[in-house]
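Undergrad: Only the shape, not the letters, is given here:
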């Protein structure tokens, strides 16, 4: 019982109570009307997740990480409420640029359907370019890393192209390729291909010699050697390039969508910002952060699953 109470009486729960009390403070005159109910409902949903995690998760570290993240969310919401609608820290001239949280969260309910369509379009677009880059770079990296003569030359080429920011490909891709989607897929492919190729080659070169010697004594074929022995051993290094490619791909995706897309999260933010609707634009920015965090979480789960042999 004492342990259960210790899990409940934690700082994030206190911050949740402070957030609710902050809603009772008088509002300053503000150009954008706050919708405190949306802030309270969102905070209550997050608090429910926190209580479930606190009571259901037995391991200390995962429970502590989730608790700390939610505590940071509550602290940020408290600051956001106080800085805008309660104390008007931006000032009258900048109120439209810094909307209160309730007004932003209302947009998630009002624009849920179109926002969901934009999220879908962005995810499908990035998956196309990212997966093409991965399935192309990993086999080539295995081959180049295994063949020392070709690998030496490929290593210098990889360093050269990896040093070029993929952002420079955006205008050329838009001009040369037939559709904006094709241009976006190409740019994301370039952002994924080179770091994945470099990390795969590095992973192959760093495979322990005794593993390769043991496989040679069993007279395994080249295909088996590359894909069943060297590839699993090189996976920790390969995942470094995969994560780097994924991170850069999201940056390029939003940048490209802001330039010439007619759908996607980047287009959603840029479209409303151009019309001065910063409330909807900020809702789009938050959505981008949530989507990236969720996909990164899934990526980390996949990495832990495929590298579970390292934790044994």
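TA: Arrived safely, thanks for sending. In this text the structure is predicted, and so the values were computed from the model without any measurement.

Undergrad: for the chain, what's the longest helix?
TA: Looking across the chain with DSSP state H, the single longest helix is helix 112-146.

Undergrad: So which bits of the helix or strand following that helix are buried?
TA: The C-terminal neighbour of helix 112-146 among helices and strands, as given by DSSP states H and E, is helix 148-162. Using 16 or more other CB atoms under 10 Å as the test for burial, helix 148-162 gives 151, 154, 155, 158, 162. For the C-beta atoms, the positions are set from N, CA and C on the backbone; glycine is no exception.

Undergrad: Distance from the chain centre to helix 148-162, please.
TA: Put simply, helix 148-162 sits 29 Å off its chain's centre (CA atoms, centre = their mean, to the nearest Å).

Undergrad: so what does it touch, helix or strand wise?
TA: helix 112-146, helix 180-205 (3 or more CB pairs under 8 Å, 6 or more residues apart in numbering; DSSP states H and E).

Undergrad: which one of those helices is the most hemmed in?
TA: Among the helices and strands packed on helix 148-162, helix 180-205 has the highest mean neighbour count (mean count of other CB atoms under 10 Å), at a mean of 24.

Undergrad: Just give me how far it sits from the chain centre.
TA: 17 Å.

Undergrad: could you give the angle of that helix to helix 112-146?
TA: With axes from the mean of the first three to the mean of the last three CA atoms, to 10 degrees applied, the angle from helix 180-205 to helix 112-146 works out at 40 degrees.

Undergrad: pLDDT of helix 180-205, averaged?
TA: For helix 180-205, the mean pLDDT works out to 89.

Undergrad: Helices along this structure, start to end?
TA: Taking DSSP H as the criterion, the chain carries its helices at 2-8, 11-22, 36-56, 60-81, 101-110, 112-146, 148-162, 169-176, 180-205, 209-217, 222-224, 231-260, 265-274, 278-306.

Undergrad: Can you point out the buried residues in the second one?
TA: Buried residues in helix 11-22, defined by neighbour count with 16+ other CB under 10 Å: 12, 13, 15, 16, 19, 20, 22.

Undergrad: before we move on, back to that, wait, which of the buried residues of helix 148-162 is closest to residue 110?
TA: Of all the buried residues of helix 148-162, residue 110 sits closest to residue 162, with 43.0 Å by CB to CB.

Undergrad: Apart from its chain neighbours, what residue comes closest to the closest one?
TA: residue 194 (4.4 Å; CB to CB, 6 or more residues apart in numbering).

Undergrad: what's the one you found in contact with, if anything?
TA: By CB atoms under 8 Å, 6 or more residues apart in numbering, the contact list for residue 194 reads 137, 158, 161, 162.

Undergrad: how about 7 Å then?
TA: 158, 161, 162 (CB atoms under 7 Å, 6 or more residues apart in numbering).

Undergrad: Check residue 63 too.
TA: 53, 54, 57.

Undergrad: now the contacts of residue 194 as JSON lines including distance to residue 68?
TA: Shown next, in JSON lines, are the contacts of residue 194 (distance: CB to CB, whole Å):
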{"residue": "158", "distance to residue 68": "38"}
{"residue": "161", "distance to residue 68": "39"}
{"residue": "162", "distance to residue 68": "35"}
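
Undergrad: would TSV of these with pLDDT be doable?
TA: What follows is those, written out as TSV (pLDDT from 0 to 100):
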residue	pLDDT
158	82
161	81
162	80
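
Undergrad: how close does the closest residue to residue 286 other than its chain neighbours get to residue 98?
TA: Sequence neighbours aside, residue 104 is the residue nearest to residue 286 in space, at 7.1 Å (criterion: CB to CB, 6+ apart). Distance, residue 104 to residue 98, using CB to CB, to the nearest Å: 10 Å.

Undergrad: Where does pLDDT dip in this structure?
TA: For the chain, the stretches with pLDDT under 70 are 1-9, 93, 311-312.

Undergrad: before we move on, back to that, switch the helices and strands packed on helix 148-162 over to a markdown table; also include distance to residue 63.
TA: Output for the helices and strands packed on helix 148-162, formatted as a markdown table (distance: least, CB to CB, whole Å):
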| stretch | distance to residue 63 |
| --- | --- |
| helix 112-146 | 29 |
| helix 180-205 | 33 |
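
Undergrad: Nearest to residue 37, out of these?
TA: helix 112-146 (16.2 Å).
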